[in-house]
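generate coordinates for the sequence data below:
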Amino acid sequence: MRDFVARRVAQVPPSGIRRFFDIAATMQDVISLGIGEPDFATPEPILQAGIESLRRGETHYTSNSGTLELRQAVANQLERLYGVAYEPRSEILITVGVSEALYLTLTAILDPGDEVIVPTPCFVAYQPEVVFAAGVPVPLKTRVQDAFQVMAPDIEALITPRTKAILIGYPNNPTGAVMSRENLVTLGEVAARHDLLVISDEIYDRLVYGGHQHVCFATLPGMRERTVTLGGLSKDYAMTGWRIGYAAAPAPMLAALRKIHQYTIMSAPTPSQAAGVEALSRGEEYVQAMVAEYDRRRRLIVSGLNELGLPTFEPRGAFYAFPSIAATGLDDETFADRLLQEQRVAVVPGNAFGADGAFVRCSYATAYEKIEEALERIRRFMQRHG
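The predicted model follows:
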């Protein structure tokens, strides 16, 4: 029997994150600095809002676009935080996490062979999702000396007649980088000059530290009409399992996303949408408390890694550190494998995110005390390999 799997799907390797998680799951006493989700439970009032929705019997489909109440809450949040206005009925779509929003956007815009410029290191799904949508990802390596920010001239050098979009994700996973307003403005000028769409994944928008600020790309001059803003509740509100994301875009673009969503998903989970309304309406104190704790952990892990001879760019957002492991003489896969086997600490090789072989990702979305113990174990590892 012939192989029925599409070539574009077969050519994409499995996620580089999963292999180390699967190995770690078979081992005892592992401290994971690998997983990219909050270790906090969903705050109690948000949890109760979901439970009450179930008790009211809200177990049926909602509108394809999501409940109007949640779409209005998203619109209110975007306008309150960033001053950008979206019409909740025609310009906001509630999705099953930001992952679905990304899938919808790429499927809606790409014809076979269309190119999407993807700055790396980046979230593991960006380039594969472009491929699954029959497009061609064009990676652009960002540099630690540029604070892992996208430089507009580098983008412009990669543009061809097939280029259709630029896909950015800031605050960044895995580096923790945050784009400055100045660099975003120049990026927007390139997009306008070449008539490109910008897909801006802003899932970590509230997790920013040290006086840095997140800039919503759609707020920049002339950018609202050529931007699809992706966001959600998973990271900021500790709601990964609730699977609530959204896309915000001009009505004609959003209509295309909604069409695919209608045929593919129907609607996001109903009780989760009720919980989302509570999160966006009354969850600010919990966001601030989590940000303060992440910041405490951030300072611990960055100083600890630097002291161990693993130079670490200071993350300005999200909850990841991205140390260079060049001093060990090991590539990222070998470093991660040996650290797991010898000291029971799980990290993710940088190549999973499109980085070269000199970095690993360490998540600080785990308890302070566990980070302290992980650093002690890495110290023992570095005594042997550093």
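
now residue 231, what are its backbone angles?
Per-residue torsions, residue 231: phi -150, psi -180 (degrees, to the nearest 10).

wait, I meant residue 324
Per degrees, to the nearest 10, the backbone of residue 324 is at phi -80, psi 130.

and it, how close does it get to residue 153?
25 Å (Cβ to Cβ, to the nearest Å). (Each C-beta comes from the backbone N, C-alpha and C, glycine too.)

just residue 109 next, same as before
From residue 109 over to residue 153 (counting by Cβ to Cβ), the distance is 24 Å.

for the stretch 51-200 of the chain, just list every one of the helices.
Using DSSP state H, counting those that start in this stretch, the helices assigned to the stretch 51-200 of the chain run over residues 68-82, 97-109, 126-132, 152-158, 181-193.

mind giving me the packing neighbours of the last one?
Contact analysis of helix 181-193 by 3 or more Cβ pairs under 8 Å, 6 or more residues apart in numbering; DSSP states H and E lists helix 152-158, strand 163-169, strand 197-201 as its packing neighbours.

what are the buried residues along it?
183-192 (16 or more other Cβ atoms under 10 Å).

hang on, the earlier thing: the helices of the stretch 51-200 of the chain into TSV, with extra columns for mean pLDDT and distance to residue 356?
Shown next, in TSV, are the helices of the stretch 51-200 of the chain (pLDDT from 0 to 100; distance: least, Cβ to Cβ, whole Å):
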stretch	mean pLDDT	distance to residue 356
helix 68-82	98	34
helix 97-109	98	24
helix 126-132	98	15
helix 152-158	97	16
helix 181-193	98	22
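
highest average neighbour count across these?
Ranked by average neighbour count under the criterion mean count of other Cβ atoms under 10 Å, the helices of the stretch 51-200 of the chain are headed by helix 97-109 at a mean of 23.

which residues touch the closest residue to residue 162 other than its chain neighbours?
Nearest non-adjacent residue to residue 162, counting by Cβ to Cβ, 6 or more residues apart in numbering: residue 115, 4.5 Å away. Neighbour list for residue 115: 135-138, 160, 162-164 [criterion: Cβ atoms under 8 Å, 6 or more residues apart in numbering].

per-residue pLDDT, residue 115?
Here, the pLDDT recorded for residue 115 equals 98.

if we can go back for a sec, residue 216: which of the helices and strands packed on helix 181-193 is closest?
Between residue 216 and the helices and strands packed on helix 181-193, the tightest spacing by Cβ to Cβ is seen for strand 197-201, at 7.7 Å.
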